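Engineer: Dropping a prediction and its sequence here:
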Amino acid sequence: MNDVQDNKAEVIPFMQEGSFFYKKGIEAYQNKKVDRSLHYIKKAIQLEPEEPVFLCQMAIVLSEEGDYEASNQWLNKIKNDVDPYMSECYFFLANNQAHTGEFQEAKENVEIYLEMDPSGDFQEDAEALLSLLESELGSINKRKDSDDPFYSKAALLLHENELGEAEEEIRKLIAAKPESWDFYALLAEALWKQGKLEEAGRILQDLLSKENPPLSAYCQYTAFLTKTESEQAAGWTDMLKQIHPLNIWERYLTGRALYTAGEYEEAYQLLKDAVPPDYPVYIHQLAVTASRSGRFERAVQLWNRLAGLQPEYREKALELAARAEKSLVPEEQDKDWMLKR
């Protein structure tokens, strides 16, 4: 047999098993190539649609991207159709539901996980999540108290661009609690947005000179420098990108400052785990950030949720969702952060 015949006789194997594409999907995800990761995992699922590990990994990637609804669809498929005894599925489902405000459902699923696998890999995380959910459910009627910074009157007035009223409200808070430094950071925001730049800058510099400056001062000063087009803005933004706060209000403030600085990917990663899932202004802000970070499908989902949540925002939300469906971002970076103008 000659060389050509030898070559023709060789059989080059082509792997069609789902595990081949699954492995490539994991590698792509580890390299932060999310779209490619989802592409390969989908191919793995097409070849082996009843393999729960593949379905679960698809759900994990989607959840990490903040697409909790799509993630839940895969997890429910495992739970209802493929492998109801896969305990991890219930833990991941509980995590997602906690992020979307379905606290009772999340509690039920995390309890199922702990019952099915009391010494499983996620035992400690599950117990911590259960404790948080019980606390949240126990105080659900107090969620919008002024003690919660997300729902404080001052913060909501700032979101609505009612700057004079916001300043007045914040000054009342400072008078009542003069050593609550976070209030001063909010005051600086209300001032610079009204054009009172000198006073705002002075307040922020005073906060930053304290022995233990609040993180809110770093966030607001970064945003302030960005808005005033200071040469120092880039350095402060880079510093803020290295901070990963655990407190959700501080995560929100950091994400919002990074959005202002145009760092949309970093902003999204912080905001997706911080914003309240049940309040229009925060759903809108997350959708705007998702859109500007290239996550148009997620943005469409969020704006559609907003459209169904409150009739007064329906028209604007559907208009923004329609733009996102065409892969178009909102028109004005600063103004579109506001649900009300």
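Structural biologist: Nice, thanks for sending it over.

Engineer: Now do the lengthiest helix in the chain: which elements does it pack against?
Structural biologist: Scanning the chain for the helix with the most residues, using DSSP state H, yields helix 123-138. When contacts are defined as 3 or more C-beta pairs under 8 Å, 6 or more residues apart in numbering; DSSP states H and E, helix 123-138 sits against helix 87-99, helix 103-116. Bear in mind the C-beta positions are built from the backbone N, C-alpha and C, glycine included.

Engineer: What mean pLDDT does that helix get?
Structural biologist: Mean pLDDT, computed over helix 123-138, is 82.

Engineer: before we move on, the earlier item: switch the helices and strands packed on helix 123-138 over to CSV; also include distance to residue 297 and mean neighbour count.
Structural biologist: Written out in CSV, the entries for the helices and strands packed on helix 123-138 read as follows (distance: least, C-beta to C-beta, whole Å; neighbours: other C-beta atoms under 10 Å):
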stretch, distance to residue 297, mean neighbour count
helix 87-99, 16, 23
helix 103-116, 23, 19
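
Engineer: quick revisit: which is the succeeding secondary structure element to the longest helix of the chain?
Structural biologist: Sequence-wise, the next helix or strand downstream of helix 123-138 (DSSP states H and E) is helix 153-159.

Engineer: tell me which residues in that next one are buried?
Structural biologist: Buried residues in helix 153-159, defined by neighbour count with 16 or more other C-beta atoms under 10 Å: 154, 155, 156, 157, 158, 159.

Engineer: Ok, stretch 32-49 next?
Structural biologist: For stretch 32-49, burial by neighbour count (16+ other C-beta under 10 Å) applies to 34, 37, 38, 40, 41, 43, 44, 45, 47, 48.

Engineer: swap in stretch 163-174?
Structural biologist: 163, 166, 167, 169, 170, 173, 174.

Engineer: now swap in stretch 301-308 and tell me
Structural biologist: With the criterion 16+ other C-beta under 10 Å, stretch 301-308 contains buried residues 301, 302, 303, 304, 305, 306, 307.

Engineer: give me the number of residues near residue 335?
Structural biologist: Residue 335 is flanked by 10 other residues according to other C-beta atoms under 10 Å.

Engineer: what's the answer for residue 206, then?
Structural biologist: Using other C-beta under 10 Å, residue 206 has 14 other residues around it.

Engineer: ok, and the closest non-adjacent residue to the residue positioned nearest the centre of the chain?
Structural biologist: Central residue of the chain (C-alpha atoms, centre = their mean): residue 272, 0.4 Å from the mean position. Take residue 272 and drop its neighbours on the chain: the residue closest to it by C-beta to C-beta, 6 or more residues apart in numbering is residue 66, 3.5 Å away.

Engineer: Quick check: the one you found touching residue 270?
Structural biologist: No. Residue 66 is beyond contact range of residue 270, at 10.6 Å (criterion: C-beta atoms under 8 Å).

Engineer: between the two, which one's more packed in?
Structural biologist: Comparing residue 66 with residue 270 by neighbour count (other C-beta under 10 Å), the higher total belongs to residue 270, at 27 against 24.

Engineer: so the more buried one is in which element?
Structural biologist: Assigned by DSSP H and E, residue 270 belongs to helix 264-271.

Engineer: which helices and strands sit right next to that helix?
Structural biologist: With contacts taken as 3+ C-beta pairs under 8 Å, 6+ apart, helix 264-271 sits against helix 248-260, helix 280-292.

Engineer: what about the spatially closest residue to residue 249 that is not a sequence neighbour, neighbour count?
Structural biologist: If you skip the residues right next to it in sequence, residue 249 has residue 149 as its closest partner in space, 4.8 Å away by C-beta to C-beta, 6+ apart. By the criterion of other C-beta under 10 Å, residue 149 has 18 neighbours.

Engineer: now residue 261
Structural biologist: Neighbours around residue 261, by other C-beta under 10 Å: 22.

Engineer: Which residue, other than its chain neighbours, is closest to it?
Structural biologist: Computed as C-beta to C-beta, 6+ apart, the closest residue to residue 261 that is not its neighbour in sequence is residue 237, at 4.3 Å.
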